[in-house]
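A.B. asks: Build me a structure from this.
(one chain, ligands or ions: 1)
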Amino acid sequence: MCTQPLQAAERMSAPFLTANTGNPGLCPGTVRLEEEVVGWLRELYHAPLHGAGGMVVSGGTEANITALWLARNISGQKEVVVPRSAHFSVAKALDLLSLKPRWVETGPDGRVNVEGVRKAVTSRTALIVAVGGSTELGVVDPIDEISEIALHRGTRLHVDAAFGGFVLPFMEVAKGRTYPFDFAAPGVTSLSVDPHKMGGAPIPAGALLLRNWEEIRAISVESPYLSAPTLSSLYGTRPSRNVAAIFSAMSLQGRRGYQRTVQRVLELTRTIAESGREMGLEPVIEPVLNIVALRHRDPVAIQNQMLRRGWDVSAIREPRAIRFVVMPHASAPMVRKMLKDLAWVVREIPN
Ligand SMILES: Cc1ncc(COP(=O)(O)O)c(C=O)c1O
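C.D. replies: Now for the predicted structure:
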């Protein structure tokens, strides 16, 4: 899910190699840049102008851990309602924070079962997690419906849009097909997004946004020897280079640039889905984002053979399928060449 970052963003971030966003009094410039980045993301994800805020983190894992940490401290509860499709970083966070999962199954379309979520929420719930672009299939949970449950039950709702966050806002969707996933749904209390995935920023670059930034106090600790009285992040020393890189990547591409990239990768994704069908490999779901999974009885064998030809595709076990993530470095000629090799491999290992 990572790609060639924008070279200009890499270059522009180089002077920040020694700056530490975790010591804001010493590095006021990077603090300003972080505010700019958060402002841009706040607008993109329809977070309220007053009250919402966020911070740059190392990636989706740190953002998810922080969201669960906050939810536990604010609610004092121990249960988290989690879709089966959630990224494994949520399992890590549950373990680290001694929280208990209430797993909810997904339906045939890969989205979490809303009735399952409704039933799993209890008075012990600290948080509901929903996925804004799942890692395996790229599907978006029905976040507007889950938001209603969260509001009705007075529960927090965290959206993991680590992958989808730089795709969904830039997609041209057919009439009547929208994918609400952000703070426009009033029950959403926090959101993760990874500029190092589809945002064009170099690794490590993630962000966590909160509808009510004041809540960050729930994880604040005193930081006596630093230039700020308290620190409210998992990392202590925080690289400023990624703040500058995200700022550069977003300023250089702008909404138009992201729209162009997203349109291009989605077209390539559709090409792979159609060609797969012609080879007798049915897509597990009609692709929503730039991820497509094609059913095959032995995806690992296909994966190994493709790797020998230089193509890094992945295998999923349930259902058995070969998974392609079409990142911005992919071009039409590259995809044509890959499909030619895939057709050859599928002839050797028939479905
Ligand atoms: C939906 C989702 N959340 C979280 C993560 C974890 O992100 P990272 O590896 O940047 O920590 C990923 C990574 O693929 C992801 O797809």
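A.B. asks: residues near Val173, how many?
C.D. replies: Residues lying near Val173 (other CB atoms under 10 Å) number 10. (Glycine included, C-beta is placed from N, CA and C.)
A.B. asks: I meant Val288, not that one.
C.D. replies: 25.
A.B. asks: And Ile219, by the same measure?
C.D. replies: 17.
A.B. asks: thought it was touching Thr230?
C.D. replies: No: taking contacts as CB atoms under 8 Å, Ile219 lies outside contact range of Thr230: 9.8 Å.
A.B. asks: For Ala343, which non-adjacent residue is closest in space?
C.D. replies: Among residues not flanking Ala343 along the chain, Met279 sits closest, at 5.6 Å (CB to CB, 6 or more residues apart in numbering).
A.B. asks: So that neighbour versus Trp344, what's the distance?
C.D. replies: Met279 is 10 Å from Trp344, where distance means CB to CB, to the nearest Å.
A.B. asks: More neighbours: which of the two?
C.D. replies: Of the pair Met279 and Trp344, Met279 is the one with more neighbours under other CB under 10 Å, namely 17 against 12.
A.B. asks: ranges for the helices of this structure?
C.D. replies: Along the chain, counting by DSSP state H, helices occupy 7-13, 28-44, 60-75, 88-96, 114-120, 143-153, 241-278, 299-308, 332-348.
A.B. asks: Looking at strand pairing, list the partners for Val325.
C.D. replies: Judged by DSSP bridges, the bridge partners of Val325 are Ile291.
A.B. asks: what about it, how many neighbours?
C.D. replies: Residues lying near Val325 (other CB under 10 Å) number 24.
A.B. asks: Touching, it and Met1? I think so.
C.D. replies: Yes: under the criterion of CB under 8 Å, Val325 makes contact with Met1 at 5.6 Å.
A.B. asks: List, one by one, the residues from the stretch 201-350 of the chain near the ligand.
C.D. replies: Within the stretch 201-350 of the chain, the residues that sit near the ligand (CB under 6 Å from any ligand atom) are Gly206.
A.B. asks: Give the closest residue to the closest residue to the ligand within the stretch 201-350 of the chain in space, chain neighbours not counted.
C.D. replies: Distances between the stretch 201-350 of the chain and the ligand by CB to the nearest ligand atom are smallest at Gly206, namely 5.7 Å. Leaving aside its sequence neighbours, Gly206 sits nearest to Gly59 (CB to CB, 6+ apart; 4.0 Å).
A.B. asks: So that neighbour versus Ile285, what's the distance?
C.D. replies: Going from Gly59 to Ile285 by CB to CB gives 26 Å.
A.B. asks: Nothing else from me, thank you.
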